[in-house]
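1. build me a structure from this.
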Amino acid sequence: MENKTTTRRNSFKKIGMGLAAILGVGTVKVMGATTKEEKEVVGEIVKDQDIPLFSGAVKHGNTLYIAGKGAHVAPFEIKAHTEIVLQEIEKELKRNGSSMKKVLKVNVYLSDLADYKGMNEVFRGRFGKNPPVRTTVATYGGVPGDSLVEMDCIAALD
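-> Next comes the predicted model:
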């Protein structure tokens, strides 16, 4: 009989291998994986903490994918939250060999579309002279963790 850890590990393995098949890629390095089978899944998954549901960043070829970053602290004001989120994204980019100037795509999720103007005031100019493409949406029910804004991005690597 399998225990919960083994069952969960096998489920993640199947998901990863399915993703590899969908993306048409060979193998992936899963940082911190415990078995050879678990290491053979789709790019290089970079873990900065023990997150059971997703990775904070994934490298695949010359591309870096950064998971959504939110600001889960007071003050609950859009400009402050946007600043925190952009700082977290910049830290993650630098930690993985990229920079704000190499960001290709940003997705912005707002708890309230009324915060669009304030978010833009902080966002503008943060990615250099050639800003990335961007999609901005208001989320139904808000951003998880009481953040007013969440962002994820895709960036180039050297």
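2. tally of neighbours for Ser111?
-> Ser111 has 22 neighbours, counted by other C-beta atoms under 10 Å. C-beta: built from backbone N, CA, C; applies to glycine.
3. doesn't Tyr140 make contact with it?
-> No. The criterion here is C-beta atoms under 8 Å, and Ser111 misses it with Tyr140 at 10.0 Å.
4. report pLDDT for Lys14.
-> With respect to pLDDT, Lys14 has a value of 46.
5. tell me the mean pLDDT over stretch 59-68?
-> Here stretch 59-68 scores 97 as its mean pLDDT.
6. and that stretch, how far apart are its ends?
-> Taking C-alpha to C-alpha, to the nearest Å as the measure, stretch 59-68 stretches 15 Å from start to finish.
7. the helices in the chain, which residues?
-> Taking DSSP state H to define them, one finds helices in the chain at 4-23, 36-39, 78-95, 116-123.
8. domain ranges for the protein, per the record?
-> 1-42, 43-156 (automatic domain parsing).
9. quick one: low-confidence ranges for the protein?
-> 1-52 (pLDDT under 70).
10. 90 instead, please
-> Residues of the chain that meet the criterion pLDDT under 90 lie in 1-55, 74-75, 144-146, 158.
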